[in-house]
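Participant: when you get a sec, could you give me coordinates for this:
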Amino acid sequence: MTDDKHSHSPAPPPIPAASLHPANISLTDIVAYRCGSATGALTDRAELARARLMARRQDQIEHLHDLLHANYPVTRAVLSDGVFRDLCATYVRDIITLYDGWGSQSGFAAHCQAHPPLGAFPYLYDLVQLEWAICQSRKAANAYRLEMDDLLLDEGELPVALHPSVHILHVGFDVLSLHQAFHAADMTATEVAPASDLILVWRDRNHVPRQVRLSPRQDQFLSSLLDTENLCQTLKGLNGDDQGDLYAFLGDAIHDGLFVAAV
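Facilitator: Residues are numbered from 1 along each chain as shown. Have a look, this model is predicted:
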């Protein structure tokens, strides 16, 4: 026969399923979990808030892992799935803790560069920058792209700018050739030669990310255009008599939707 004086308190009744809904978790419950209660013990509702916050954190971690795997296919192929997975795990852990660097050009690239086992891949920073720019070009805003007719009718007053998806990268290794070889299913070697390259990345009229290597003269033209916002003035301001290659580049760029009207 059980002695009632020494019997244990009955277990608290289970929390009704309806209370599991996020709307039933109050700020008081969350504060009780995050900061502790006056007695140092957590209520059932605070424990529920804790479980819900931990589940949300895990969802965020898995989502960030999925984004990294989808957005850096060449980097993953170069490093192998295992190394890339470990790299992502440490990066996600750091940004969840510090809330720093996610979505920035240097965030994941800097993390890769600082990762000690990756010293054998000196070009990794440039490769990650290239894949980041391609990812950003897909998500960039839409804008009306100038046609050749728009420029023919212009009397020198149409302000011209680059499409919002444009990124110009200055890299120290020939990562563009590596990226092209990957998409051509020709990853026979991962040797990447040093090269002082300028890479133009943007989304074309067909909504396809494009990457081309710029000559110094083409880069000078685009930089000047950003300053003047005037196509005719920019062309006149460039030094040198032979502008045939520049006009060919300009024709291709207009055809592929590189330019928009500045606002």
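Participant: just the pLDDT for residue 199.
Facilitator: pLDDT for residue 199: 97.
Participant: just read off the phi/psi values of it.
Facilitator: Here is the backbone geometry of residue 199 (degrees, to the nearest 10): phi -120, psi 130.
Participant: likewise for residue 143?
Facilitator: According to degrees, to the nearest 10, residue 143 has phi -160, psi 150.
Participant: show the pLDDT at it.
Facilitator: Confidence score, pLDDT, at residue 143: 93.
Participant: next one: the one 10 residues further on
Facilitator: At residue 153 the predicted local confidence, pLDDT, stands at 74.
Participant: same thing with residue 90?
Facilitator: On the pLDDT scale, residue 90 is placed at 86.
Participant: so what's the closest residue to residue 159 other than its chain neighbours up against?
Facilitator: Counting by C-beta to C-beta, 6 or more residues apart in numbering, residue 159 lies nearest to residue 262, which is 3.7 Å off, once chain neighbours are set aside. In short, each C-beta sits where N, CA and C put it, glycine included. By C-beta atoms under 8 Å, 6 or more residues apart in numbering, residue 262 lies in contact with 159, 160, 161, 229.
Participant: so can I have JSON lines of those residues showing pLDDT?
Facilitator: Formatted as JSON lines, the contacts of residue 262 follow (pLDDT from 0 to 100):
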{"residue": "159", "pLDDT": "87"}
{"residue": "160", "pLDDT": "89"}
{"residue": "161", "pLDDT": "91"}
{"residue": "229", "pLDDT": "86"}
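Participant: out of the residues you listed, who's nearest residue 248?
Facilitator: Distance ranking of the contacts of residue 262 against residue 248, using C-beta to C-beta, places residue 160 first at 18.1 Å.
Participant: let me see the mean pLDDT of stretch 209-226.
Facilitator: Mean pLDDT, computed over stretch 209-226, is 92.
Participant: now do the buried residues in it.
Facilitator: Buried residues in stretch 209-226, counted by 16 or more other C-beta atoms under 10 Å: 209, 210, 211, 212, 214, 218, 220, 221, 222, 225.
Participant: now, which of the residues you listed lie within strands?
Facilitator: 209, 210, 211, 212, 214 (DSSP state E).
Participant: name the nearest residue to the fourth one, ignoring sequence neighbours.
Facilitator: Closest residue to residue 212 apart from its sequence neighbours, by C-beta to C-beta, 6+ apart: residue 200 at 5.1 Å.
Participant: tell me what that neighbour is bridged to.
Facilitator: residue 168, residue 212 (DSSP bridges).
Participant: got the contact list for it?
Facilitator: Applying C-beta under 8 Å, 6+ apart, the residues contacting residue 200 are 166, 167, 168, 210, 211, 212, 213, 214, 218, 222.
Participant: try residue 59
Facilitator: Counting by C-beta under 8 Å, 6+ apart, residue 59 touches no other residue.
Participant: how far away is it from residue 68?
Facilitator: Residue 59 sits 15 Å away from residue 68, going by C-beta to C-beta, to the nearest Å.
Participant: can you pull the buried residues of the longest helix seen in the chain?
Facilitator: Counting residues, the longest helix in the chain under DSSP state H turns out to be helix 44-71. Using 16+ other C-beta under 10 Å as the test for burial, helix 44-71 gives 45, 46, 48, 49, 50, 52, 61, 64, 67, 68, 71.
Participant: got the contact list for the helix or strand just after it?
Facilitator: Using DSSP states H and E, the helix or strand that follows helix 44-71 in sequence is helix 73-79. For helix 73-79, contacts defined as C-beta under 8 Å, 6+ apart pick out 69, 84, 87, 112, 118, 121, 124, 127-128, 131, 178-179, 182, 187, 190.
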